[in-house]
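A.B. asks: Sequence plus the predicted model coming up.
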Amino acid sequence: MVSLGYIRANDTDYGFNKAKSEVSYHIYKPTLTAGGLVNATKFITNKELAGKQNAIQVTYDVPLTDLVKEGKGKIIVLKQIGVESGFDLNSFASTEVKNASSQQTVNLAVALNQKAFLIQRKLEKIDLNFLTYITNDNVLILLSSPHASVDELIQFAQSLQ
């Protein structure tokens, strides 16, 4: 038990290398300066995205000390999966978020053809924001957040490497 606790406490890559070894596509993660967010979960494998089962999911949030001080998080969930060349992002964006209240195209420098979709969905008092795009190496990225603004999602997307 003590050994397992020690290993988990010293897992500073949050399962990134393990996840990387389980998929054939590049896994993106943000630089350290992405809005001051830190890993809130480990990299989780075998998630579903775009009808495929080998997606990676990881969640980022403000550091615990900031969360305690301010009482407000900025959770951003990052899901990603390798897709084939020519993947229909428009169709995916139109069907992925059920009951979307709006969808618009945004320019995003890190996206294939600099094209991304911003999708918003209202849930009572919360506006859920989704940003989806394909990278130049054919990785489908879906960012979602109930608290981060559109600008914060775009900043986060631009920090992914």
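C.D. replies: Looks like it arrived, so ask away.

A.B. asks: Could you use CA atoms for every contact and neighbour count after this?
C.D. replies: Noted.

A.B. asks: Relative to residue 101, how far out is residue 129?
C.D. replies: To residue 101, residue 129 is 10 Å away according to C-alpha to C-alpha, to the nearest Å.

A.B. asks: again with residue 75
C.D. replies: Residue 75 is 21 Å from residue 101, by C-alpha to C-alpha.

A.B. asks: Give me the more crowded residue out of the two.
C.D. replies: Taking other C-alpha atoms under 10 Å, residue 75 and residue 101 do not tie; residue 75 has more neighbours (19 against 13).

A.B. asks: How much space separates the closest residue to that one other than its chain neighbours from residue 113?
C.D. replies: Among residues not flanking residue 75 along the chain, residue 61 sits closest, at 4.5 Å (C-alpha to C-alpha, 6 or more residues apart in numbering). Going from residue 61 to residue 113 by C-alpha to C-alpha gives 29 Å.

A.B. asks: Compare neighbour counts for the two and give me the winner.
C.D. replies: For residue 61 versus residue 113, the count of surrounding residues by other C-alpha under 10 Å is larger for residue 61: 21 against 13.

A.B. asks: Check the more buried one and give its pLDDT.
C.D. replies: If you check residue 61, the pLDDT there is 92.

A.B. asks: which element follows the one helix or strand residue 91 maps to toward the C-terminus?
C.D. replies: Per DSSP states H and E, residue 91 falls inside helix 89-96. Reading on from helix 89-96 to the C-terminus, the next helix or strand found by DSSP H and E is strand 102-107.

A.B. asks: Quick check: buried residues in that following strand?
C.D. replies: Within strand 102-107, the residues scored as buried using 16 or more other C-alpha atoms under 10 Å are 103, 105.

A.B. asks: Tell me where this structure has strands.
C.D. replies: Secondary structure of the chain, counting by DSSP state E: strands at 38-39, 44-49, 52-61, 76-82, 102-107, 115-123, 126-134, 139-145.

A.B. asks: among these, which is nearest residue 28?
C.D. replies: For residue 28, the closest of those is strand 76-82, at 7.9 Å, according to C-alpha to C-alpha.

A.B. asks: Quick one: residues in contact with that closest one.
C.D. replies: 24-28, 49, 52, 54-61, 138-146, 148, 153 (C-alpha atoms under 8 Å, 6 or more residues apart in numbering).

A.B. asks: Would you pull up how far it lies from the middle of the chain?
C.D. replies: Using C-alpha atoms, centre = their mean, to the nearest Å, the mean C-alpha position of strand 76-82 is found 4 Å from that of the whole chain.

A.B. asks: do the same with stretch 97-110
C.D. replies: That offset, for stretch 97-110, works out to 14 Å (C-alpha atoms, centre = their mean).
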